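**Q** next come a sequence and a model predicted from it.
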Amino acid sequence: MSAAGATVVRAVTRTRGRFRVALGVGVALIAAWTVVAIFWPGLAPFDPEAQDPLSRFLAPGGAHLLGTDQFGRDVFSRMLAGARPVLQVAPFATVLGVLLGTAVGLAAGTLGGIVDEIVMRVLDAVAIFPAVIATVLFVALAGRSVTVMVLVIAGAFTPIVARSVRAATLVEREKAYVEAARLRGGSTIREILPNIGPTVLVEATSRFGDAIFAAATLSFLGLGQPPGSPDWGASVSDNRLWLTNAPWTVLAPALAIASLVIGIALTADALRGRREQR
């Protein structure tokens with residue numbers, strides 16, 4: 001092997017190694033928070049709702065690992081409990097948005113013509129409609145609930161996923177195997193779908209991180225979980241007035257959001273990088 005060839009091989013090996021490390025760290029963070037969301041009642045040292053006026057704004061340390069808030073509630077216990085509301089919304093919203101977006105994008109890219117034109121114009125109209133206004137309307141009509149949050153977030157993701165899947169479908173439908181399926185009267189959608197799987201997977205992981213932020217943002221704005229909930233977004237909103245006096249009450253849920261989103265971002269980047277190398 002030439003020196004140039006060896007250099008290329010080493011560079012590819014190092015890149016693949018970085019992808020493996022990123023994927024491992026990302027999956028570990030996601031798995032850790034998933035375990036917390038499921039088993040937090042056995043992990044939390046205190047009842048996250050229990051108030052103790054005599055223990056208000058205790059600094060981190062001692063029995064209260066991350067301190068207490070304005071009601072004397074244990075911040076660490078509330079951070080653990082807050083994982084469940086977020087992970088009740090984000091996965092379902094991601095799955096629903098990706099399924100809808102994949103179906104729409106695949107149909108538009110495969111059928112083409114007037115169908116593609118109509119679908120894309122509808123997607124444009126949906127994409128420019130402000131998500132916050134849509135959420136307010138949904139909350140006014142259906143009340144504040146997990147279901148409403150899932151529907152709103154999924155609706156916002158559908159045009160994004162549909163555009164990505166449509167682009168991948170347009171590339172695949174020009175290939176020889178699709179033409180062969182068309183000539184023998186087979187389903188072109190059935191032929192294309194497995195080959196756009198990597199695109200769908202990358203979209204799903206990317207949208208999962210966005211869903212975490214969206215769920216936290218809606219709770220922060222009072223459009224998601226009710227005030228006082230240990231949900232991370234609601235906790236940041238409830239304690240933002242005490243940021244200078246008791247920063248741990250805001251930093252704990254904010255860092256929890258950041259760590260989960262970083263885990264998802266690392267996973268998505270690793271999957272995207274591995275796909276591009278193939």
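**A** Nice, I can see it. Numbering: from 1, shown residues only.

**Q** pLDDT weak spots in this structure?
**A** By pLDDT under 70, the weakly predicted segments of the chain are 1-16, 130-132, 143, 186-187, 227, 274-278.

**Q** what's near enough to touch the residue nearest in space to the middle of it?
**A** In the chain, the C-alpha closest to the average C-alpha coordinate belongs to Phe208, at a distance of 1.9 Å (CA atoms, centre = their mean). Counting by CB atoms under 8 Å, 6 or more residues apart in numbering, Phe208 touches Ala90, Pro91, Thr94, Ile264, Ala268. Quick note: C-beta positions are derived from backbone N, CA and C, even for glycine.

**Q** mind running it again at 7 Å?
**A** The contact partners of Phe208, taken as CB atoms under 7 Å, 6 or more residues apart in numbering, are Ala90, Thr94, Ile264.

**Q** equivalent analysis for Pro48, please.
**A** Per CB under 7 Å, 6+ apart, neighbours of Pro48: Arg73, Asp74, Ser77, Arg78, Ala81, Pro230.

**Q** show me what contacts the second one?
**A** Listed by CB under 7 Å, 6+ apart, the contact partners of Asp74 are Pro45, Phe46, Pro48, His64, Thr68.

**Q** let's see 8 Å
**A** Taking CB under 8 Å, 6+ apart, we find Asp74 in contact with Ala44, Pro45, Phe46, Pro48, Ala50, His64, Leu66, Thr68.

**Q** now secondary structure and distance to Ile160 too, for these, in CSV please.
**A** Formatted as CSV, the contacts of Asp74 follow (DSSP: H, G, I helix; E, B strand; the rest coil; distance: CB to CB, whole Å):
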residue, secondary structure, distance to Ile160
Ala44, coil, 36
Pro45, coil, 40
Phe46, coil, 40
Pro48, coil, 34
Ala50, coil, 41
His64, strand, 41
Leu66, coil, 35
Thr68, strand, 40
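
**Q** who wins for most neighbours among the residues you listed?
**A** Within these, most neighbours by other CB atoms under 10 Å means Thr68, with 26 neighbours.

**Q** wait, it sits on Gln51?
**A** No. Assessed by CB atoms under 8 Å, Thr68 is found out of contact with Gln51, at 9.6 Å.

**Q** what's the overlap in contacts for the two?
**A** Contact with both Thr68 and Gln51 is made by no residue, according to CB under 8 Å, 6+ apart.

**Q** follow-up on the earlier one: which pair in the contacts of Asp74 spans the largest distance?
**A** Within the contacts of Asp74, Ala50 and Leu66 form the most distant pair, 15.2 Å apart (CB to CB).

**Q** picking up where we left off before, out of the contacts of Phe208, the closest to Ser55 would be?
**A** Distances from Ser55 to these, taken as CB to CB, are shortest for Ala90 (32.1 Å).

**Q** give me the buried positions along the helix or strand hosting that closest one.
**A** Per DSSP states H and E, Ala90 falls inside helix 83-111. By neighbour count on 16 or more other CB atoms under 10 Å, the buried set for helix 83-111 is 83-98, 100-102, 104-110.

**Q** Gln70 is in contact with Trp242, isn't it?
**A** Yes. Here Gln70 reaches Trp242: they are 6.1 Å apart, a contact under CB under 8 Å.

**Q** joint contacts of the two?
**A** Phe57, Thr249.

**Q** turn the contacts of Asp74 into TSV, columns for distance to Thr135.
**A** Conversion of these to TSV gives the following (distance: CB to CB, whole Å):
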residue	distance to Thr135
Ala44	30
Pro45	35
Phe46	32
Pro48	26
Ala50	31
His64	35
Leu66	30
Thr68	32
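
**Q** what is the nearest of those to Ala22?
**A** Out of those, the member with the shortest distance to Ala22 (by CB to CB) is Leu66, at 27.8 Å.

**Q** and the closest one, what does it touch?
**A** Leu66 makes contact with Pro60, Asp74, Val75, Phe76, Met79, Trp248, Ala252, according to CB under 8 Å, 6+ apart.

**Q** distance check, it against Val98.
**A** According to CB to CB, to the nearest Å, Leu66 stands 34 Å off from Val98.

**Q** circling back: go through the contacts of Asp74 and name the one nearest Ile153.
**A** Closest to Ile153, out of all of the contacts of Asp74 and judged by CB to CB, is Pro48, at 24.4 Å.

**Q** tell me where the stretch 51-200 of the chain has helices.
**A** Using DSSP state H, counting those that start in this stretch, the helices of the stretch 51-200 of the chain run over 75-81, 83-111, 113-128, 131-142, 146-172, 176-183, 188-192, 197-220.
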